[in-house]
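Asks: Starting from these lines, generate the structure:
(chains A and B)
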Amino acid sequence: MFDHLLNPRSIAIIGASSDEKKIGNVVVKNLIYFNYSGRIYPVNPKSEKIYGLKTYPSIEDINDEIDLAIITLSAPLVPDAVEACVKKNVKYVIVIAGGFSETGEKGAELEREILQKINGTNTRIIGPNTVGIYVPRSNVSTALTLPERTALPGDGKIAFISQSGALGLLTMDTISEYGTGISAFINLGNRIDLSENELLKYFENDEKTGSIVLYIENFKDGREFYKVAKETILKKPIVVLKSGRTSEGAKAASLHTGALSSNDAITDGVLRQAGIIRAYSETELMDYGKVLAYQRPLFGDRIAIITTAGGLGVITADYLVSENNGVGMKLANLSEETKKKIKENIVPFGSAENPIDLTADGSTEQYSRVLEILNYDQNVDGIIVYALFQTAKVDETLIDVLEKYMKGKPMVVGILGSKIGKRMILEAERRGIPAFPSMERTVKAIKVLYMRGKYLKGRNKYGK
Amino acid sequence: MENRILEEKEVKDLLSRYGIRVPKGIVVKNLPDKIDIDFPVVLKVSDPGILHKSDVGGVILNIKDFDELNEKFSIMKKKFPESKFLIESMEKPGIEVIVGVIKDKTFGESIMFGLGGIFTELYRDVSFRLIPIDEYDAREMINEIKARKIFDGFRNIKVDKESVIDLLLKVSRLVMDMGGKVDQLDLNPVIVRDDGSVVVDAKMVVIP
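Replies: Model prediction:
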């Protein structure tokens, strides 16, 4: 459906410019910078060449099929440019400029004009007022980022749909630090045509996508979103960061139910009903998307913790079990056999009780044995491993051990620290192991696996 | 046309048709010589113009015998000379919950569940789902509220949780059957005991 958008064979830039201050310049430059391998066609009636590329006076002069056109012109010029794209039978058009409905009635009129032009045609619009798309797999970026100031993530499994461009770009910049990748980023902008609902359907069947995360300010069609999401969720996990939580916005109602209903309370119910995980910050959004893309769901809430630092074990246990400032799960009650076996494998002053403490004397080998023992214990549903590389007996091959146990019970890894710690998170990331740089983020991640498992199980048991 | 507020008895008859328990009751203009309802009873003004009956002194609870009913009826009659009255058997106490329906502008018909009384409003301890709901949704609605423990035998309070699930499902079906005509619905309170759930007060606004 959206293959030609995310993997375009040819891109035309309408409003391409050799003036470095113009958007039409940055877009061309970025396509070249990201090594986009398809055909680039700058459209500009005035200049002959931009960065060595031949320019065309109009899109109709290009003797090629155009999968994607990027319009970098200002708002009043957009309707005519869209019309030219429709004539050329361009499949997707990204309209970058602002100055539309977000500024008032005049801008809204321009949007209606654009919609009229594409009505009944095969041309689809992304935006306007959008930074467009970023797709690592096809090296397409329409975002106006400065490479010396902004990092963009590599190829990965998270599909990221955002109503806000800046939030999207900043979040991608942030996750790049730990090497988390994305399968695609799409900024909906003013969303006059292409909406989150169609994209959900697309990513449901996109092989590269393991989870879908959305930043949403308001839904284009709430009912439709619910229907699509409830269907998609059976195949791909969905995480939503929905803003506007505190604005009441409930309609004037005469009955009690009306007084108790805020938009957000209903939104919250809808998200739960569809099996969507709700995030409350950009960090949660991407962490949850990551853990759900990398790890299988958890169908029980009894968790075993392995650590070499006792403090981490007890804090994590608190955070895991507590309902307040915690996630309300359970500390697994290890079987006697498990405890006995663990005891045989760790130092006498370590703890064979959950949380299992290998102590600073713990080694890669001990991690490996304990992981194996826990994977055989029927009382354990999932495992949190703190892979702490700071002590002498733990070496980098611990990552190999963790990779091996990705096939075992659902496991989430905490790797703390800024030197070897950060380096090993990057390595974990390369191998698709869900690793997080803090206890809080690690515990929340395992909770999310459980929420997904619980939903799938409940729906299966009681749902229609 | 404007939305119409149904009379309480109309709403309760509708609920009855869906197998939802309501107290036995009759609507009268004047008090008959005898009534076929066991005492104690409740006397309520029944007038679509009066949506919030208790606020205007239109509800008298726990009337113990016919003499008392006679006396209270004449007081009410003086207060609301043009109105009709609903006489209902007084339900035994239990846990009070609220079940409601509202049309949300983003998502459409939504069903709400919460614990009744002032604390619900104070803490906004309610859960929502879109209609139609299935059994999983109904169970989760109860599990989601902070006061959920009360449905799982907290302090040996016995409540029939399954009857609440059944009620939520039936309300969802009723709203579906009415094909978009329900603007708002309040079942508040619903009394939940160990022998099931009974809707004690019901208000409905329909779109003509």
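
Asks: does chain A sit close to the lengthiest helix in chain B?
Replies: Ranked by residue count, the top helix of chain B under DSSP state H comes out as helix B:161-177. No: Helix B:161-177 lies out of reach of chain A by C-beta under 8 Å from any C-beta of the partner chain, never closer than 9.3 Å. In this view, the C-beta of every residue, glycine as well, is placed from N, C-alpha and C.

Asks: what residues go with each domain of the chain?
Replies: Reading this off chain A. What automatic domain parsing lists as the domains of chain A is A:1-129, A:145-294, A:297-460.

Asks: That was the other one, I meant chain B.
Replies: Following automatic domain parsing, one finds the domains of chain B at B:24-89, B:95-206.

Asks: so where is the chain shaky, pLDDT-wise?
Replies: Defaulting to chain A. Chain A contains residues with pLDDT under 70 at A:247-261, A:464.

Asks: switch to chain B, that's the one I care about
Replies: Within chain B, the stretches with pLDDT under 70 are B:119.

Asks: show me where it has helices.
Replies: With DSSP H as the criterion, chain B has helices spanning B:8-17, B:66-79, B:118-123, B:135-144, B:161-177.

Asks: quick one, which of these is nearest to residue B:199?
Replies: Distance to residue B:199, taken as C-beta to C-beta, is lowest for helix B:8-17 among these, at 5.8 Å.

Asks: Next, the buried residues of that closest one.
Replies: Going by neighbour count (16 or more other C-beta atoms under 10 Å in any protein chain shown), the buried part of helix B:8-17 is B:8, B:9, B:10, B:11, B:12, B:14, B:15.

Asks: any chance of those in JSON lines, with distance to chain A too?
Replies: JSON lines is the format used below for the buried residues of helix B:8-17 (distance: C-beta to the nearest C-beta, whole Å):
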{"residue": "B:8", "distance to chain A": "13"}
{"residue": "B:9", "distance to chain A": "17"}
{"residue": "B:10", "distance to chain A": "16"}
{"residue": "B:11", "distance to chain A": "12"}
{"residue": "B:12", "distance to chain A": "16"}
{"residue": "B:14", "distance to chain A": "16"}
{"residue": "B:15", "distance to chain A": "15"}
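
Asks: Residue 93: how many residues sit nearby?
Replies: Picked chain A for this. 30 (other C-beta atoms under 10 Å in any protein chain shown).

Asks: That was the other one, I meant chain B.
Replies: Residues near residue B:93, counting by other C-beta under 10 Å, number 8.

Asks: Contact partners for residue A:391?
Replies: A:308, A:360, A:362 (C-beta atoms under 8 Å, 6 or more residues apart in numbering or on different chains).

Asks: before we move on, the earlier item: any idea which of the buried residues of helix B:8-17 is the one closest to residue A:428?
Replies: residue B:15 (56.6 Å).

Asks: could the domains of chain B go into JSON lines alongside distance to residue A:20 and mean neighbour count?
Replies: Output for these, formatted as JSON lines (distance: least, C-beta to C-beta, whole Å; neighbours: other C-beta atoms under 10 Å in any protein chain shown):
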{"stretch": "domain B:24-89", "distance to residue A:20": "66", "mean neighbour count": "15"}
{"stretch": "domain B:95-206", "distance to residue A:20": "43", "mean neighbour count": "20"}
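
Asks: Which one, of those domains, ends up nearest to residue A:92?
Replies: That would be domain B:95-206 among the domains of chain B, by C-beta to C-beta, at 27.5 Å.

Asks: now the closest one, how far from the centre of its chain.
Replies: 10 Å (C-alpha atoms, centre = their mean, to the nearest Å).

Asks: Straight-line length of it, end to end?
Replies: One end of domain B:95-206 to the other measures 28 Å (C-alpha to C-alpha, to the nearest Å).

Asks: Angles on the backbone of the residue located most distally from the centre of chain B, please.
Replies: Residue farthest from the centre of chain B, counting by C-alpha atoms, centre = their mean, is residue B:33 at 28.0 Å. Per-residue torsions, residue B:33: phi -70, psi -40 (degrees, to the nearest 10).

Asks: same deal with the one 5 residues further on?
Replies: Main-chain torsions, residue B:38, degrees, to the nearest 10: phi -70, psi 140.

Asks: Relative to chain A, how far out is it?
Replies: Counting by C-beta to the nearest C-beta, to the nearest Å, the separation of residue B:38 from chain A is 29 Å.

Asks: And residue B:1, by the same measure?
Replies: Distance from residue B:1 to chain A, counting by C-beta to the nearest C-beta: 17 Å.

Asks: Could you double-check that that residue sits in contact with residue B:206?
Replies: No: counting by C-beta atoms under 8 Å, residue B:1 sits too far from residue B:206 to count as a contact (10.6 Å).

Asks: Minimum distance to chain A, which residue of chain B gives it?
Replies: For chain B and chain A, the shortest gap (C-beta to the nearest C-beta) falls at residue B:100, measuring 2.7 Å.

Asks: Correct me if wrong: that residue contacts residue B:112.
Replies: Yes: with contact defined as C-beta under 8 Å, residue B:100 counts as touching residue B:112 (4.2 Å).

Asks: ok, now which ones touch residue A:433?
Replies: With C-beta under 8 Å, 6+ apart, residue A:433 has these contacts: A:294, A:399, A:402, A:403, A:406, A:413.

Asks: Now the buried members of those.
Replies: Of all the contacts of residue A:433 considered here, the ones buried according to neighbour count by 16+ other C-beta under 10 Å are A:294, A:399, A:402, A:406, A:413.

Asks: Closest to residue A:101 out of those residues?
Replies: Nearest to residue A:101 out of those is residue A:294 (C-beta to C-beta; 38.4 Å).

Asks: ok, and the closest non-adjacent residue to the closest one?
Replies: Nearest residue to residue A:294 in three dimensions, chain neighbours excluded: residue A:434, at 4.3 Å (C-beta to C-beta, 6 or more residues apart in numbering or on different chains).

Asks: how close does that neighbour sit to residue A:295?
Replies: The gap separating residue A:434 from residue A:295 is 5 Å, by C-beta to C-beta, to the nearest Å.

Asks: Common neighbours of these two, please.
Replies: Counting by C-beta under 8 Å, 6+ apart, the residues touching both residue A:434 and residue A:295 are residue A:412.

Asks: Please name the residues that touch residue 172.
Replies: By default, I'm working from chain A. Listed by C-beta under 8 Å, 6+ apart, the contact partners of residue A:172 are A:134, A:151, A:152, A:153, A:160, A:182, A:185.

Asks: Let me rephrase: I mean chain B.
Replies: Residue B:172 is in contact with B:111, B:131, B:132, B:133, B:138, counting by C-beta under 8 Å, 6+ apart.
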